[in-house]
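Asker: Coordinates only, no sequence provided:
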Ligand code: PMP
């Protein structure tokens, strides 16, 4: 039966991690996959998560969750994204479903759009973007279109091209929006630009689908990172989807904790889409995993744990910020060819260096420094021990 199967190349970023693990050099540095590392280069279990796990261990059982997930978790997740006041106003017009992390939330959004909308809307995706966006939506049969988001010459957001993509798109198209900390470029619109974008979404009758994988992890402040989501839903009064992940902001990568939120404009639409999410989830995973959602719910619902989590967000986001500036300093002081201001303009987990594929390859092969082919680096992989080595190696490589 299966002789005819196509061979598909392994996922580039997971393959890069495997290559890094197999490298025996003591100098090796992993700047590939976007996972937080502490100042010694180790995975970090957030202290708030440890406390939550301790509290949970007394009451933990292994029963099934309801099909749409843990009710308190869904409520707390929605409150987190919308803020308590907007949540209060919007809650009867909200459909929510726990998901297999951010990827699962995007997939559920796609399933729901496919089930609700005929003809099938086009999905507009920024270029560049997170490597999985095209796959998630094209695997569901959507036609995906790219629009230019980044200008490699200015090494900055190309806002005019974003505006014109919105103006040219057919009404009832869907746009994937990185809510903050755009992956891979680290370039987000300013508040003024977000306002203009929201206005255009409204005028052109487009559906905003927020991919919110970095709330609180980007700036250390959930409210700032959720600015665009709240602006679109509250001030501009748009219907919107929000795909939440707790992989980065709670370090729950492998627990697959996420939630899909749909802000609709009527209570009936919320009831109907909630019922659809239930049947869509039932036929895919029956019901979502319980443990990570319980860990996250306990943190979000408990004032003391919530404060501890805020401290953890500050720890992670400020370490990343300081490594970003140390790399910048190292590049400049090593005389690395070109200008590096873009690196400190960017925000979030990633640095988008703008190196050619041959430099990226040389860094991997000669210096044991691993980064994505498009020269995106996970800044969290830097620490006091390796940051200068990385800066100097890049400088040397650019001279060759
Ligand atoms: N969207 C973006 C932009 C991401 O960077 C990621 C994680 N790398 C995700 C979604 C989803 O990740 P996960 O499924 O692990 O939550």
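Answerer: Received it, and whenever you're ready, just let me know what you need. Quick caveat: nothing in here was measured; it's all calculated off a predicted structure.
Asker: Please make it C-alpha for all contacts and neighbour counts, starting now.
Answerer: Fine.
Asker: Which positions in the stretch 101-250 of the chain make contact with the ligand?
Answerer: Within reach of the ligand by C-alpha under 6 Å from any ligand atom, the stretch 101-250 of the chain has these residues: 101, 102, 103, 130, 183, 211, 213, 245, 247.
Asker: now the fifth one: how far from residue 130?
Answerer: Think residue 183. For residue 183, the distance to residue 130 (C-alpha to C-alpha, to the nearest Å) stands at 6 Å.
Asker: do the same with the last one
Answerer: Residue 247 sits 15 Å away from residue 130, going by C-alpha to C-alpha.
Asker: Which one's more surrounded, these two?
Answerer: The neighbour count for residue 247 versus residue 130, taken as other C-alpha atoms under 10 Å, is higher for residue 247 (21 against 14).
Asker: my read: the more buried one touches residue 213, true?
Answerer: Yes - Residue 247 is within contact range of residue 213, at 7.5 Å (criterion: C-alpha atoms under 8 Å).
Asker: Can you pull the residues that touch both of the two?
Answerer: Listed as contacting both residue 247 and residue 213 by C-alpha atoms under 8 Å, 6 or more residues apart in numbering are residue 102.
Asker: Next SSE downstream of the longest helix along the chain?
Answerer: As assigned by DSSP state H, the longest helix anywhere in the chain is helix 303-333. Following helix 303-333 in sequence order, the next helix or strand is helix 341-345 (DSSP states H and E).
Asker: Contacts for that following helix next, please.
Answerer: Contacts for helix 341-345 (C-alpha under 8 Å, 6+ apart): 155, 156, 187, 324, 325, 328, 351, 352, 353.
Asker: Tell me the predicted confidence for the residue nearest to the first one when sequence neighbours are not counted.
Answerer: So that's residue 155. Excluding the flanking residues, the one nearest residue 155 by C-alpha to C-alpha, 6 or more residues apart in numbering is residue 342, at 6.2 Å. Here the pLDDT value assigned to residue 342 is 97.
Asker: quick one on the thing from earlier: let me have the residues of the stretch 101-250 of the chain next to the ligand in JSON lines, adding pLDDT as columns.
Answerer: Formatted as JSON lines, these follow (pLDDT from 0 to 100):
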{"residue": "101", "pLDDT": "98"}
{"residue": "102", "pLDDT": "98"}
{"residue": "103", "pLDDT": "98"}
{"residue": "130", "pLDDT": "96"}
{"residue": "183", "pLDDT": "97"}
{"residue": "211", "pLDDT": "98"}
{"residue": "213", "pLDDT": "98"}
{"residue": "245", "pLDDT": "98"}
{"residue": "247", "pLDDT": "98"}
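Asker: Which pair in the residues you listed has the greatest spatial separation?
Answerer: For those, the farthest-apart pair by C-alpha to C-alpha is 101 and 183; their separation is 16.4 Å.
Asker: Neighbour count for these two, which is higher?
Answerer: Taking other C-alpha under 10 Å, residue 101 and residue 183 do not tie; residue 101 has more neighbours (26 against 23).
Asker: Quick check: which element contains the closest residue in space to that one that isn't next to it in sequence?
Answerer: Leaving aside its sequence neighbours, residue 101 sits nearest to residue 258 (C-alpha to C-alpha, 6+ apart; 3.7 Å). Assigned by DSSP H and E, residue 258 belongs to strand 257-263.
Asker: State the paired neighbours of that strand in the sheet, together with their directions.
Answerer: Sheet partners assigned to strand 257-263 using DSSP bridges are listed as strand 94-100 (antiparallel), strand 240-245 (antiparallel).
Asker: where does residue 208 land in three-state SS?
Answerer: Three-state assignment for residue 208 (DSSP: H, G, I helix; E, B strand; the rest coil): strand.
Asker: Report how many residues lie close to it.
Answerer: By other C-alpha under 10 Å, 23 other residues sit near residue 208.
Asker: So what's the predicted local confidence for it?
Answerer: Model confidence at residue 208, given as pLDDT, is 98.
Asker: ok, now residue 108?
Answerer: With respect to pLDDT, residue 108 scores 98.
Asker: what's the burial count for it?
Answerer: Neighbour tally, residue 108, other C-alpha under 10 Å: 25.
Asker: That one: what secondary structure?
Answerer: At residue 108, secondary structure determined by three-state DSSP is helix.
Asker: Now do the same contact list for it.
Answerer: 99, 260, 277, 280, 281.
Asker: And the longest helix of the chain, what does it pack against?
Answerer: In terms of contacts (3 or more C-alpha pairs under 8 Å, 6 or more residues apart in numbering; DSSP states H and E), helix 303-333 is packed against helix 47-57, helix 291-301, helix 341-345, helix 387-399.
Asker: Quickly list the domain ranges of the chain.
Answerer: By the assignment in automatic domain parsing, the chain contains the domains 12-44+317-399, 65-301.
Asker: re earlier: could you check how far the residue nearest to residue 101 is from residue 157?
Answerer: Relative to residue 157, and taking C-alpha to C-alpha, residue 258 is found at 28 Å.
Asker: The two: which is more packed in?
Answerer: Taking neighbours as other C-alpha under 10 Å, residue 258 and residue 157 compare with residue 258 leading, 32 against 20.
Asker: beta partners of the more buried one?
Answerer: Here residue 258, judged by DSSP bridges, has bridge partners residue 99, residue 245.
Asker: That one touches residue 99, doesn't it?
Answerer: Yes - with contact defined as C-alpha under 8 Å, residue 258 counts as touching residue 99 (4.8 Å).
Asker: intersection of neighbour lists for these two?
Answerer: Common neighbours of residue 258 and residue 99 are listed as residue 105 (criterion: C-alpha under 8 Å, 6+ apart).
Asker: Now for the closest residue to residue 294 other than its chain neighbours, which secondary structure element holds it?
Answerer: Spatial nearest neighbour of residue 294, chain neighbours left out: residue 73 (7.1 Å); criterion: C-alpha to C-alpha, 6+ apart. Element membership for residue 73 (DSSP H and E) is helix 71-82.
Asker: and that helix, average pLDDT?
Answerer: Confidence for helix 71-82, expressed as mean pLDDT, is 98.
Asker: Report the inter-axis angle for that helix versus strand 94-100.
Answerer: Relative orientation of helix 71-82 versus strand 94-100 (axes from the mean of the first three to the mean of the last three C-alpha atoms, to 10 degrees): 110 degrees.
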